[in-house]
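Undergrad: Whatever this is, show me its structure:
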Amino acid sequence: MKELKIGIIGYGGRISHFSKMMRKFGVPMKIQAVADPRLVEIKALNDEHLKGTNFYPDADSLLAAEKFDGIMIGTRCFMHTDMAIKAAKHKVPLFVEKPVGISLEQLRRLDKTFKNYKAPVVVSFPLRLSPLVTRAKEIIKEGLIGTVENFDGFNDVPYGAVYFSSMYRDWSKTGGLWLQKATHDLDYITYILEKKPVTIAAMSSQRIYKGTKPYDLQCKNCPEQLKCLESEYNLFYVRHAVERNEQEKTIRKCVFSKGIKNQDSGSCLLQYENGLQGTYHQNFFIKNKAARRGMRIYGYKGTVEFDWYTGEVKLYYHFKNAVEIMKFEGTDGHGGGDEELAHDFLQAMSNGKKPRAGMKDGILSALMCLKAGESCETGKFVKIKL
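TA: Here you go, the predicted model:
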C-alpha cells in the first residue's frame, strides 16, 4: 500500500485532532505540507505527527509547490469556500470542515465548482455516521415504528457560553449559531428521514447572553468576576470547571458584552417533500446534566429516540408495553462518527470510494441554516432553495 501524501490548509485544533485519528487505521500516510499563517508557532511544537512536513504561509504557496493524494481544509469557517475552490484545481479528494459556506453567494459558488467534480469530497458531518444514527435508521428500515410521521430534534448545549466568550462571537467569521451548530443537526435529521426538505420557519432569541459590557472585556479584568456565574472564577469555584479549557484561561471574554449577535436559543419548523413535518431547537444557556443532543422520531407503531449524552437509543413500542434500550459504549469523537468519517476520507484517497457525507450534503445543510436565519429576520416561511 502506497503512502498517502496529504496537504492541510489551516492547521487548527479540529483538523489536527482529526488527521491524527486517521493514523488509527494503519494506512501509510504523511502530512506532506501545511499552510497556515501560524507556521512558526506550529513548527515550534515539534509534533511527531508533522515530522518531515513542509510549511507554507498560505494556501496559494502550498498548492503551487506540492502534489497530494488528498487535501484537508481546516481554516476558519468564512474561508472554507474559498479554500475548497482553490484546492479543487488539484482534482484530488478533499476533506472540508463544516459549514462549507456561510452565505448564499458562497454556496452558489460551491455548487457551480463541485457539481461535476470527479474526485470524492468528504464534508465533516460525523454525527450522521455515528452508531446511534446508524441504529435509528436501521430501526426505521426494519419497520419497527411504521412510517415516519413526525420528529423532534434537540441540541441543549452545556458549553454554550463558549460561543459568546471566544472567537465564535464574531458573526462575520462564523455566520451565527444556526450555521455553527444546526449544520450538524439538520444534516443528520435529513439523512435519517431520506427526504428532501422544502420549507422552513424559524425563530430565535437572545435573552440570557446579552448586555452592555464592552465587547473586548476579558473576565480576568472585570471587577464583577467574583459574583458573575459566567466568570473564570466561578467556572472553577461554583460550576466545577465544566466549560474551562486552556484557551479560555487566557482569552475568555464577557458573555454579557454588547455587540454579540448570536442567539442563545432558537427553534425551527421543517417540512419535507412528502408533507412530513417536525421541529428542531437549540439552547446555549443550559448547564451540566441538562445537556441533550439527539432526536425523537414518531411512527404509528412506535417511537425511536437517541441522545449522544446518554449514548442510548430507545425504542418505544406503541402496541405492546415494552421499551428497548440500546446502550453504545466508547462513542467518543462526535458520538463515534469521527472514526467513520476518517475511514471515509482514507478510502476516498486510496481507491476513490464515494463518501457518506459529500459536498451536496454540505451545501444543503448550510442552505437550511441560512434559510432558518432568513425566516428569523422576516417572520415568514421560507423555501429551501439556492
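
Undergrad: After the helix or strand bottoming out on mean pLDDT in the chain, which helix or strand is next?
TA: Lowest by mean pLDDT, DSSP states H and E among the helices and strands of the chain is helix 246-251, with a mean of 52. Downstream of helix 246-251, the first helix or strand assigned by DSSP states H and E is strand 265-272.

Undergrad: Show me what secondary structure element comes after that next one.
TA: Going down the chain from strand 265-272, the next helix or strand is strand 277-283, by DSSP H and E.

Undergrad: Paired strands for that following strand, with orientation please.
TA: When pairing is defined by DSSP bridges, strand 277-283 lines up against strand 148-156 (parallel), strand 265-272 (antiparallel).

Undergrad: So what's the model's average confidence on stretch 200-211?
TA: The average pLDDT for stretch 200-211 rounds to 97.

Undergrad: Okay, now it: how far is its last residue from its first?
TA: End-to-end distance for stretch 200-211, by C-alpha to C-alpha, to the nearest Å: 30 Å.

Undergrad: what does stretch 30-40 give?
TA: The first residue of stretch 30-40 is 20 Å away from its last residue (C-alpha to C-alpha).

Undergrad: again with stretch 316-334
TA: For stretch 316-334, the separation between the terminal residues is 25 Å (C-alpha to C-alpha).

Undergrad: what distance separates it from the centre of its chain?
TA: In terms of C-alpha atoms, centre = their mean, to the nearest Å, the centre of stretch 316-334 is set 24 Å apart from its chain centre.

Undergrad: what do you get for stretch 324-340?
TA: 16 Å.

Undergrad: Then stretch 160-180?
TA: Relative to its parent chain, stretch 160-180 has a centroid offset of 12 Å by C-alpha atoms, centre = their mean.

Undergrad: for it, what is the average pLDDT?
TA: 93.

Undergrad: What does the pLDDT read for the nearest residue to Val121 once chain neighbours are set aside?
TA: Distance criterion C-beta to C-beta, 6 or more residues apart in numbering; nearest residue to Val121, sequence neighbours excluded, is Met359 at 4.3 Å. (C-beta placed from N, C-alpha, C; glycine too.) At Met359 the predicted local confidence, pLDDT, stands at 98.

Undergrad: How about Arg239?
TA: Turning to Arg239, the model gives it a pLDDT of 60.

Undergrad: Got the domain ranges for this protein?
TA: Per automatic domain parsing, the domain ranges recorded for the chain read 4-125+339-357, 128-208+262-331+366-383, 211-259.

Undergrad: need those domains in CSV with mean neighbour count, can you?
TA: Listed next are the domains of the chain as CSV, based on neighbours: other C-beta atoms under 10 Å:
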stretch, mean neighbour count
domain 4-125+339-357, 19
domain 128-208+262-331+366-383, 18
domain 211-259, 15
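
Undergrad: lowest-confidence stretch among those?
TA: domain 211-259 (a mean of 79).
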